[in-house]
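Visitor: Build me a model:
(chains A and B, ligands or ions: 3)
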Amino acid sequence: MPGPLDEPEGNWWDQPINRREGMWLGIAGIWSVGIFGWMSGFTRFGDQNPVGETYHVSPDEFRETVQGYKEEADENEDGHLIPPDDSVYIGARRFDWDGLPAVLEVDREYDIHLGAYDVQHGFSIRPEHTLSKQINLQIFPDTEWIIPMTFDEPGTYHVICNEFCGRGHNGMHGELYVEEA
Amino acid sequence: MLGKVASHFGNDYDADGFRTCSITGLDIHRSAENHVKLFGLTAVVALIIGGIFAVTVALTRWELIGLVGEQDYYTHLSMHAWNVLIFWMVFMEIAILYVGGSMVLGRRLPLTVLAKAGWAIMVVGAIGINWSIWTAGVQEAPLLTAYVPLDIPMEFYAFAIVFLLGTTIAAVPFFATIWLEKRGAVDRTLPLVTFGAFITSIIAVQAILGGLVAFSYALIWHLGIIDTINTGVYRTLFWTIGHGSQQINLLAMITVWYFLTHVVGGAVVVSEKVSRSAFVLYLFFINLGAAHHLMVDPGLSVGWRIFNTSYAFYGAAFASMIHAFAIPAGLEAGRRQRGLGGGLFGWLSSAPWRNPVFSATIFSIILFGFMGGITGVLMGQMQLNMTWHNTFATVGHFHGTVALGTTLAFWGLLFFVIKTMFRRDYISGTLASVVPYAYAGAMGIATLAMMYMGILYGVPRRTSSVVENIPGTDFSLSAAVPLMTIFGIFAVLALLAGVLFLLVAAGSLLFGKRLSDGDDGGLLPDGGYSTDGGESVHAIEMRGTFTLCMVFLTVFVVLYVLNWYLLSQLWAIGA
Ligand code: HEM
Ligand SMILES: [Cu+2]
Ligand SMILES: [Cu+2]
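Guide: Residues are numbered from 1 along each chain as shown, chains lettered A, B, ... in the order given. Ligands and ions are numbered 1, 2, ... in the order given. Predicted coordinates for the structure are as follows:
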């Protein structure tokens, strides 16, 4: 009986397939198509999709935009930024988050504008009270990414950089406060 | 010393330079055998270097120990990644191409000059990469990915190109073997293992081309030939090699699975048609999967992301599920044909579990599937990726694939080679038997701990301290400390198992008893090397395998649902 080290004998293509192997092929095929369908459908009916408009911007342009936004924004008594409207700007730079700390309202949809001034960074955000709720996005120095977010729980949210951005990356941390309106 | 080394490159060959393998009966030519040994031994050297840095990396992440400070941590991590993931695996893979080509086909290795030149250029590239990482000074360490526009030494990119060119040259003798075999015999069919190796090599060529473009793009930017470099373009190019090389690891590993389950377990091929079709599916679809690294990148359309990350409707995941059935089924059918073990799992429980070649292969299959494979599909789904990307769970995923799956399969192969090609008995059969169990067990737990830390506590990868202390803030992910302790302990145990592997392997080569001609070293499967016909393979019961596959699918479904449930608990995000 030929094995995997031998040339197969005769007309191997027309050999019948074992019944259970055939069943498994069917099951695996259905599962493959099924998870594709779910992922693709979720972009229509789901509430969590890493999707938003993107624009090509130079790091300097983006820095200026964030600067303009910060000038327009109010500050609370702790010096935390209160966005003037629904747009929130966060600029990642070695090794902190420009635009944070900021104070947002719960249940309000904001457009979060993400970008970087120097190299790539990782936007990794979670509320302090439930660490398992966390979202991670990649940030580029030449792209502005506008992602809508609606925080449904008040609390302190911590942003950690989780893309290596140079020695010092370790301490790249920022905060975002979500408060009742 | 030199004599000792040289003695490992000699066996008794006939006047034409051939000898007959005492296990497989293959005609093995000296040229093929010696080059397999050369590349295999070089791979082990890389594993040792990368393994030493696994110690420093793991003991740093275990913050209780905190071995290396942040300043040096990234350098150590880069050394770990390049030596184990790239050099250990790629040198092994060239050896596997020569096994799957020349040895299985019973030919001499053609163009040995190119094999040697390729090896030398690869070694120069590897040493250069290590050197440029180590001497980066005020510049940054590349880690695996060498992302732009970080200030990474440009020599690094240059040596990466050298290494890839060396690899290409070293693969030429394999392509020549296939060409010589097929010349004038186009209607003959390659053996399955050779076919698998051939598909591996084609995918490797695609990956290497992508890598050459990516590293050249970064290099000409560092040289000032172009002024600006596009982050997203580099990432897309980089991942054609960054992930493409993982597809090479995958295919080489699957080829080794077919090979080793056959030679030491007595597996047969249950359907040539099905297994080969699965390889062809890989050929068409698997490289699209490189896009799963870009799921939470800006600037890519949803359609592009979904089509590519799913390898076009999961064509390649489907292929992997086919192998997941075909390989255990081959074992089941082959052993049932020999009358070994009845009932549902008798064929499995009666298998040679004390033979490290066998146990390493089986643990590789199981752990790759359950830990690396399932998590890979999960985190590759565009939305779920938001909860996995760049967390420690990602590190858990790829230690499931490469550190458990591929590394164990390659250890199995090395255990096999020690007896069949170096013709040495293990210095201690008991210690050799222990290695796969110890490593699979300890590394399996360490890997699980990484996954949980990432998913449940959002612990990031590529950082030297985060659960005990984030510099500059009171906040830390301290809830993950218990899991980090579990990780630390089991990582240390896994490393000790790795040391044991090296001691057994090196000890056997240096001091193992020489096996006499015709001695199979106890590796031959029970009931003989091949089955003598009887019932057709497809008619044999495969209910044991089917049951195992259903267990696998159940775990898959449960984890899938859990992951999506966790995702749906998050605040709303996305347009
Ligand atoms: C006992 C064995 C091993 C231990 C304890 C270990 C431990 C680790 C740890 C803790 C990290 C994550 C560091 C971080 O992100 O901060 C890491 C990264 C990595 N490991 Fe391992 N590892 C082992 C074996 C291997 C093997 C065998 C391979 C490949 C064949 C491998 C490939 C990698 C790669 C590619 C990275 C990512 C580097 C990067 O982020 O650029 N490891 N390892
Ligand atoms: Cu950063
Ligand atoms: Cu960073």
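
Visitor: which residue is nearest the centroid of chain A?
Guide: A:Leu137 (2.7 Å; C-alpha atoms, centre = their mean).

Visitor: So chain A: which segments form each domain?
Guide: A:16-49, A:53-179 (automatic domain parsing).

Visitor: Packed most tightly, which of these would that be?
Guide: Across the domains of chain A, the average number of neighbours (mean count of other C-beta atoms under 10 Å in any protein chain shown) peaks for domain A:53-179, which reaches a mean of 19. C-betas here are computed from N, CA, C, even on glycine.

Visitor: what mean pLDDT does that one have?
Guide: Across domain A:53-179, the average pLDDT comes to 97.

Visitor: How far off centre is that domain?
Guide: Put simply, domain A:53-179 sits 12 Å off its chain's centre (C-alpha atoms, centre = their mean, to the nearest Å).

Visitor: Stretch B:312-330 now?
Guide: With C-alpha atoms, centre = their mean, you get 17 Å for stretch B:312-330.

Visitor: got it, and stretch B:222-229?
Guide: 34 Å.

Visitor: Next up, the contacts around the closest residue to B:Ser216 other than its chain neighbours.
Guide: Closest residue to B:Ser216 apart from its sequence neighbours, by C-beta to C-beta, 6 or more residues apart in numbering or on different chains: B:Ile161 at 6.4 Å. By C-beta atoms under 8 Å, 6 or more residues apart in numbering or on different chains, the contact list for B:Ile161 reads B:125, B:212, B:215-216, B:219.

Visitor: same thing but at 10 Å, please
Guide: Counting by C-beta atoms under 10 Å, 6 or more residues apart in numbering or on different chains, B:Ile161 touches B:125, B:128, B:211-212, B:214-216, B:218-219.

Visitor: Stretch A:7-23 - what's its average pLDDT?
Guide: Per-residue scores along stretch A:7-23 average to 92.

Visitor: Sorry, wrong one. I was asking about stretch B:138-156.
Guide: Mean predicted confidence for stretch B:138-156 is 97.

Visitor: Ok, stretch B:495-506 next?
Guide: 98.

Visitor: Next, see if that stretch gets close to ligand 1.
Guide: Yes. Stretch B:495-506 is in contact with ligand 1 by C-beta under 6 Å from any ligand atom, via B:495, B:498.

Visitor: What parts of the stretch 101-250 of chain B come near chain A?
Guide: B:103-106, B:138-145, B:147-151, B:185, B:188-196, B:228-235 (C-beta under 10 Å from any C-beta of the partner chain).

Visitor: Surely B:Leu38 is in a helix?
Guide: Yes. Note on B:Leu38: a helix contains this position according to DSSP: H, G, I helix; E, B strand; the rest coil.

Visitor: for chain A, which helix is longest?
Guide: For chain A, the helix with the greatest residue count under DSSP state H is helix A:19-45.

Visitor: So which elements touch that one?
Guide: helix B:272-285, helix B:302-309, helix B:311-337, helix B:374-380, helix B:543-568 (3 or more C-beta pairs under 10 Å, 6 or more residues apart in numbering or on different chains; DSSP states H and E).

Visitor: Any chance you could list what contacts whichever helix or strand comes after it?
Guide: Next helix or strand after helix A:19-45 toward the C-terminus (DSSP states H and E): strand A:53-56. Residues outside strand A:53-56 that contact it (C-beta under 10 Å, 6+ apart) are A:61-62, A:111, A:113-115, A:140, A:142-148, B:230, B:232, B:297-301, B:575.

Visitor: any idea how far the residue nearest to B:Ser216 lies from B:Phe18?
Guide: 38 Å (C-beta to C-beta, to the nearest Å).

Visitor: With B:Ala54 instead?
Guide: For B:Ala54 relative to B:Phe18 (C-beta to C-beta), the value is 40 Å.

Visitor: do the same with B:Val274
Guide: B:Val274 is 34 Å from B:Phe18, by C-beta to C-beta.

Visitor: ok, and the nearest residue to B:Trp134 once chain neighbours are set aside, which helix or strand is that part of?
Guide: Leaving aside its chain neighbours, B:Trp134 sits nearest to B:Thr75 (6.7 Å; criterion: C-beta to C-beta, 6+ apart). Using DSSP H and E, B:Thr75 maps to helix B:70-80.

Visitor: and stretch B:408-416, does that touch ligand 1?
Guide: No. Stretch B:408-416 lies apart from ligand 1 when judged by C-beta under 6 Å from any ligand atom; the minimum separation is 8.9 Å.

Visitor: I'd like the average pLDDT over that stretch.
Guide: The model assigns stretch B:408-416 a mean pLDDT of 98.

Visitor: pretty sure A:Pro59 is in contact with A:Arg94, am I right?
Guide: No. Assessed by C-beta atoms under 10 Å, A:Pro59 is found out of contact with A:Arg94, at 11.6 Å.

Visitor: before we move on, the earlier item: so which of the domains of chain A comes closest to B:Val270?
Guide: Nearest of the domains of chain A to B:Val270, taken as C-beta to C-beta: domain A:16-49 at 5.9 Å.

Visitor: Tell me how far B:Pro352 lies from B:Ile254.
Guide: 21 Å.

Visitor: Those two: who's more crowded?
Guide: B:Ile254 (28 against 18; other C-beta atoms under 10 Å in any protein chain shown).

Visitor: Leaving out sequence neighbours, find the closest residue to the more buried one.
Guide: Counting by C-beta to C-beta, 6+ apart, the residue nearest B:Ile254 is B:His323, at 5.4 Å.

Visitor: now swap in A:Trp12 and tell me
Guide: A:Trp12 sits nearest to B:Glu272 (C-beta to C-beta, 6+ apart), 4.2 Å away.

Visitor: Counting neighbours, what do you get for the one you found?
Guide: B:Glu272 - counted by other C-beta under 10 Å - has 21 other residues nearby.

Visitor: which parts of chain B sit against ligand 1?
Guide: B:54, B:57-58, B:61, B:77, B:80-81, B:84-85, B:88-89, B:143-145, B:395, B:399, B:402-403, B:407, B:443, B:461-463, B:491, B:494-495, B:498.

Visitor: Low-confidence stretches in the stretch 451-575 of chain B?
Guide: B:532-534 (pLDDT under 70).

Visitor: all strands of it, in order?
Guide: B:572-573 (DSSP state E, counting those that start in this stretch).

Visitor: where along it do the helices fall?
Guide: Using DSSP state H, counting those that start in this stretch, the helices of the stretch 451-575 of chain B run over B:481-511, B:543-568.

Visitor: For those, state which one has the densest average packing.
Guide: The most buried one of these (mean count of other C-beta under 10 Å) is helix B:481-511, showing a mean of 18.

Visitor: what about it and chain A, touching?
Guide: No. Judged by C-beta under 10 Å from any C-beta, helix B:481-511 makes no contact with chain A; its nearest approach is 11.5 Å.

Visitor: so the residue nearest to the centre of chain A, which of the three states?
Guide: A:Leu137 ends up strand, using three-state DSSP.

Visitor: Give the burial count for B:Val186, as a bare number.
Guide: B:Val186, neighbours per other C-beta under 10 Å, totals 6.

Visitor: wait, isn't B:Arg462 in contact with B:Leu77?
Guide: Yes. Between B:Arg462 and B:Leu77 there is a contact under C-beta under 10 Å: 6.8 Å.

Visitor: anything in contact with each of those two?
Guide: A:164, B:61, B:143-144.

Visitor: I'd like these as TSV, with secondary structure and distance to ligand 3 appended.
Guide: TSV is the format used below for the shared contacts of B:Arg462 and B:Leu77 (DSSP: H, G, I helix; E, B strand; the rest coil; distance: C-beta to the ion, whole Å):
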residue	secondary structure	distance to ligand 3
A:Phe164	coil	6
B:Arg61	helix	16
B:Leu143	coil	11
B:Leu144	coil	15
